[in-house]
Structures are given as C-alpha cells and as structure tokens.
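Novice: any chance you could fold what I've pasted below:
(one chain, ligands or ions: 1)
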Amino acid sequence: MPKKKAEIIPGDVSCLLDLRDLKMLCSSCGEFTSHKRIVVPKPETAFGRLRYLCENCLLG
Ligand SMILES: [Zn+2]
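Specialist: Sure thing, here's the model as predicted:
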C-alpha cells in the first residue's frame with residue numbers, strides 16, 4: 001500500500017489557508033504563498049500569536 005504524505009501546518013487564529021491550492025496568507029505582506037515556503041517563527045512571547053511569513057518578509 002503506498003504511503004500517503006501528510007502535510008502538517010501549525011494552525012492558529014491568524015492562519016489563513018486556501019484549501020484549493022494550499023496557499024497561505026503571509027501575516028506581514030498579505031500575499032498568498034505556497035505553504036511550503038511559509039515559515040512560522042517562534043512567537044515573541046510565550047504562547048504568543050503565531051506569524052506566517054513568506055520568504056521575502058522573513059529575510060526583509
Ligand atoms: Zn510576506
């Protein structure tokens with residue numbers, strides 16, 4: 001039986017995911033980017049809000 005690969009995405013209140021193409025909304029610039037290129041950095045405070053950043057915003 002072939003193994004099905006599961007995609008795991010940390011979800012939070014601020015997480016916006018387009019289920020049609022699995023694109024996620026960047027918390028910073030508001031652009032939809034492939035979930036594979038979205039980075040979820042550690043929150044600034046304990047149990048703080050998660051932020052979803054595209055590559056541009058992460059580096060910029
Ligand atoms: Zn961005």
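Novice: against the ion, how distant is residue 16?
Specialist: Here the criterion is Cβ to the ion, to the nearest Å. By it, residue 16 lies 12 Å from the ion. Backbone N, C-alpha and C define where each C-beta goes, glycine included.
Novice: just the pLDDT for that residue.
Specialist: Listed pLDDT for residue 16 reads 88.
Novice: contact partners for it?
Specialist: With contacts defined as Cβ atoms under 8 Å, 6 or more residues apart in numbering, residue 16 is in contact with 24, 25, 52.
Novice: helix, strand, or coil at the first one?
Specialist: Per DSSP: H, G, I helix; E, B strand; the rest coil, the secondary structure class of residue 24 is strand.
Novice: rewinding a little: just among the contacts of residue 16, which is most surrounded?
Specialist: residue 52 (24 neighbours; other Cβ atoms under 10 Å).
Novice: any buried residues in stretch 32-42, and which?
Specialist: The neighbour-count check on stretch 32-42 (16 or more other Cβ atoms under 10 Å) flags 32, 33, 35, 38, 40 as buried.
Novice: on that earlier part again, could I get the contacts of residue 16 as CSV with pLDDT and distance to residue 3?
Specialist: Listed next are those as CSV, based on pLDDT from 0 to 100; distance: Cβ to Cβ, whole Å:
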residue, pLDDT, distance to residue 3
24, 94, 24
25, 95, 30
52, 93, 27
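Novice: got CSV for these, with distance to the ion too?
Specialist: Converted to CSV, those look like this (distance: Cβ to the ion, whole Å):
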residue, distance to the ion
24, 10
25, 9
52, 9
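Novice: what segments of the chain are helices?
Specialist: 55-59 (DSSP state H).
Novice: mind checking how far stretch 44-51 is from the chain centre?
Specialist: Computed by Cα atoms, centre = their mean, to the nearest Å, the chain-centroid distance of stretch 44-51 equals 14 Å.
Novice: export the contacts of residue 16 to CSV and tack on distance to residue 45?
Specialist: What follows is the contacts of residue 16, written out as CSV (distance: Cβ to Cβ, whole Å):
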residue, distance to residue 45
24, 22
25, 22
52, 17
